[in-house]
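Novice: here is my input; please provide its structure:
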Amino acid sequence: MKKWIAIICTSFLLLAGCGTTGEKDKQEEAALPEIIEADLAVPEKAETGEEVNLTVTVTQGNETVEDANEVKFEIWKEGEKDSSELVVAEHTEKGKYEAAYTFSENGLFNVQSHVTARDMHTMPTKTIQVGEVEAVHHEHQEESDADHDHHNSDVSIELQKPDQLKAAEQTSLAVHLQKSNEPLLKAKVRLEIFQKGQNPSWVNMTEGTNGEYKTDYSFPASGDYIVRVHVENDEGLHEHTEVEVTVE
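Specialist: Numbering: from 1, shown residues only. Presented below is the predicted three-dimensional model:
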């Protein structure tokens, strides 16, 4: 009889322990903070001397973030990242941070918002075309890029990503570069990520070792995306390739 009582008591203790562990796991999962999302809004086109409004809306889950530690816009002309300009944004309303900026010359410009809030950092990038002359130049540049794709077949570009991509989650992306079967070093690698009919997000990648370049990116919503990899270097190389991915 005592033996059966001991077995029953042990079973109750095990069940209680499992229940406690399950509750603890749920509590820990619930305690994980949602990632910061930054929705960058810039006009597609502007004229020289025209003041434009740069806006980024910061959210965390369903909550707008009104207490960001720092929000800045970094602006540079295509190919002149070393001469970029930083503009501090001001908080206006409902998670919005804004700044006015006037472009002094024609060209294709990158606008990248640097958002630091709640121990997280995100920095989406978009492009803006200033002036009509550069629009023609950009079209010719894209045609030239296509020619480069054919003439530099010894360059290998491989995008590595998780098998499953989920919206609103930080995703690690990597690009492996080789030229003539050797790691391609000291390249400028950027990802152009977009859904058809939408403005692209531009993401700069950080060089690692042996021709590997890395970045983290959060896809804003589920759906089909195109990830276009742009590779440049100081020797005049300009290659690109694209991959279609599905985000759940």
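Novice: report the beta-bridge partners for residue 57.
Specialist: For residue 57, the beta-bridge partners are residue 39, residue 96 (DSSP bridges).
Novice: could I get the contacting residues of it?
Specialist: Under the criterion of CB atoms under 8 Å, 6 or more residues apart in numbering, the contact list for residue 57 reads 38, 39, 41, 64, 94, 95, 96, 97. Just so you know, the C-beta spots here come from the backbone N, C-alpha and C atoms, and that holds for glycine as well.
Novice: with those in mind, which one is nearest to residue 183?
Specialist: Among those, residue 38 lies closest to residue 183 (CB to CB), at 32.6 Å.
Novice: so the closest one makes contact with residue 120?
Specialist: No - judged on CB atoms under 8 Å, residue 38 makes no contact with residue 120 at a distance of 9.9 Å.
Novice: okay, the two: which has more neighbours?
Specialist: Shown here are residue 38 and residue 120; by other CB atoms under 10 Å, residue 38 has more neighbours (24 against 18).
Novice: burial check on residue 222, number of neighbours?
Specialist: There are 13 residues near residue 222, going by other CB under 10 Å.
Novice: 27 is where my numbering starts, stick with that
Specialist: Got it, first residue is 27 now, which makes that one residue 248.
Novice: which one in the contacts of residue 83 is the model shakiest on?
Specialist: By pLDDT, residue 64 ranks lowest within these, coming in at 84.
Novice: tell me how far that residue lies from residue 233.
Specialist: Separation of residue 64 from residue 233 (CB to CB, to the nearest Å) stands at 24 Å.
Novice: before we move on, back to that, most neighbours of all the contacts of residue 83, which one?
Specialist: Result: residue 123 is most packed of the contacts of residue 83 (other CB under 10 Å), 26 neighbours.
Novice: contact partners for that residue?
Specialist: Residues in contact with residue 123 (CB under 8 Å, 6+ apart) are 81, 82, 83, 84, 94, 97, 115, 116, 117, 139, 141.
Novice: residues touching the fifth one, list them.
Specialist: So that's residue 94. Here residue 94 is in contact with 84, 117, 123, 141, 142, 143 (CB under 8 Å, 6+ apart).
Novice: what about the closest residue to the last one other than its chain neighbours, distance to residue 67?
Specialist: Which is residue 143. Take residue 143 and drop its neighbours on the chain: the residue closest to it by CB to CB, 6 or more residues apart in numbering is residue 94, 3.8 Å away. Separation of residue 94 from residue 67 (CB to CB) stands at 16 Å.
Novice: nearest residue to the middle of the protein?
Specialist: When CA atoms, centre = their mean is applied to the chain, the residue found nearest the centroid is residue 243 (3.9 Å).
Novice: mind listing what the closest residue to residue 211 other than its chain neighbours touches?
Specialist: Of all residues not flanking residue 211 in the chain, residue 237 sits nearest, at 6.3 Å (CB to CB, 6+ apart). By CB under 8 Å, 6+ apart, the contact set of residue 237 is 202, 203, 204, 208, 209, 210, 211.
Novice: hang on, isn't residue 128 packed against residue 77?
Specialist: Yes - using CB under 8 Å, residue 128 makes contact with residue 77 at a distance of 4.8 Å.
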